[in-house]
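Asker: Predicted model, plus sequence, below.
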Amino acid sequence: LKTSAVNQGAHRRELFEVFSTEVMELAKDKSSKVKPPFIAFVLGGPGSGKGTQCTKIVETFGFKHLSAGDLLRREISSNSKHGTMILNTIREGKIVPSAVTVKLIQKEIESNEGHKFLIDGFPRTEENRVAFEKIIGTEPNIVLFFDCPEDEMVRRVLSRNQGRVDDNVETVKKRLKVFAGLNLPVIKYYSERGKLHKIDGVGTTDEIFERVRPVFALYEEAIK
Ligand SMILES: Nc1ncnc2c1ncn2[C@@H]1O[C@H](COP(=O)(O)OP(=O)(O)O)[C@@H](O)[C@H]1O
Ligand SMILES: Nc1ccn([C@@H]2O[C@H](COP(=O)(O)OP(=O)(O)O)[C@@H](O)[C@H]2O)c(=O)n1
Ligand SMILES: [Mg+2]
């Protein structure tokens, strides 16, 4: 009885060693190959310069730019099942249900090789924010907020000339209300969590980018 118990113990130890070695190998493999994604949310009112600055960030730091508005507009033009609902929502300056928007973002993240994402114009509401955390299972590393006075945002939107159904005085007024009522609380939330980088959105595109650059310099290692 004694001998077999000792043998059993030895056997178990052997099994454990084999098992733990394999677990260690797997862990090593993971750390060398799978880099966790770096996610930056880019927020600001309509016309605050989010898209323009994202283009500069892509050129300089090699991020993948995912604009929630562009993804939604693509759904409209591809006649997808939610196309009409999305078009009506955008026309009204309201917010598309989070399930729809987050699924579009998820598809883009999953089909992309890169590990650095700029998510522009999202989350626009607390509901957007919570849905992202639930569905994607992660939080952003940083949040940029382009702070711009309303009259400047209105001027920019009205001279944007991209043929958008929502770039008119009536809709822009609604969007500004939605921004103040629903998006500012999200911005406040990230500020309280120490993730917010507020950037003065007034000046030339290049001047503003020089305020953005040092933010990414802080995360040099993570975005290499
Ligand atoms: N710093 C700036 N000064 C003046 N106009 C700008 C500036 N940045 C962007 N614009 C212009 O303002 C409009 C809105 O910019 P955009 O990047 O589309 O903002 P958002 O994505 O926040 O709505 C565009 O026509 C753009 O060319
Ligand atoms: N997270 C989001 C982003 C955009 N949208 C809709 O898409 C519209 C245009 O968003 P956008 O980000 O392209 O607009 P800009 O801030 O760039 O002018 C918004 O006004 C909303 O109607 C949304 O419903 N949910
Ligand atoms: Mg935009």
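Answerer: Good, I have the coordinates. What you see is a predicted model; the values in this text were computed from it and never measured. Ligands and ions are numbered 1, 2, ... in the order given.

Asker: use CA for all of it now, contacts and neighbours both
Answerer: Fine.

Asker: Do I have it right that residue 153 meets residue 45?
Answerer: Yes: the criterion here is Cα atoms under 8 Å, and residue 153 meets it with residue 45 at 7.3 Å.

Asker: Could you tell me which residues of the protein lie near ligand 2?
Answerer: Selection of the chain residues close to ligand 2 by Cα under 6 Å from any ligand atom yields 45-47, 68-70, 89-90, 93-96, 121-124, 175.

Asker: filter the residues you listed to the buried ones?
Answerer: Among the residues of the chain next to ligand 2, the ones that count as buried by 16 or more other Cα atoms under 10 Å are 45-47, 68-69, 90, 93-96, 121-124, 175.

Asker: Tell me which of the residues you listed fall in strands.
Answerer: The members of these all map outside strands under DSSP state E.

Asker: What about these, which are in helices?
Answerer: With DSSP state H as the criterion, helices contain 68-69, 90, 175 from among those.

Asker: will you turn those residues into a markdown table that also has pLDDT?
Answerer: Conversion of these to a markdown table gives the following (pLDDT from 0 to 100):
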| residue | pLDDT |
| --- | --- |
| 68 | 99 |
| 69 | 98 |
| 90 | 98 |
| 175 | 98 |
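
Asker: which parts of this protein sit against ligand 1?
Answerer: That would be 46-52, 156-157, 159-160, 202-205, which are the residues of the chain within reach of ligand 1 (Cα under 6 Å from any ligand atom).

Asker: in the sheet, who's paired with the spatially most central residue of the chain?
Answerer: The geometric centre of the chain, computed from its C-alpha atoms, lies nearest to residue 119 (Cα atoms, centre = their mean), at 3.1 Å. Under the criterion DSSP bridges, residue 119 forms beta bridges with residue 41, residue 66.
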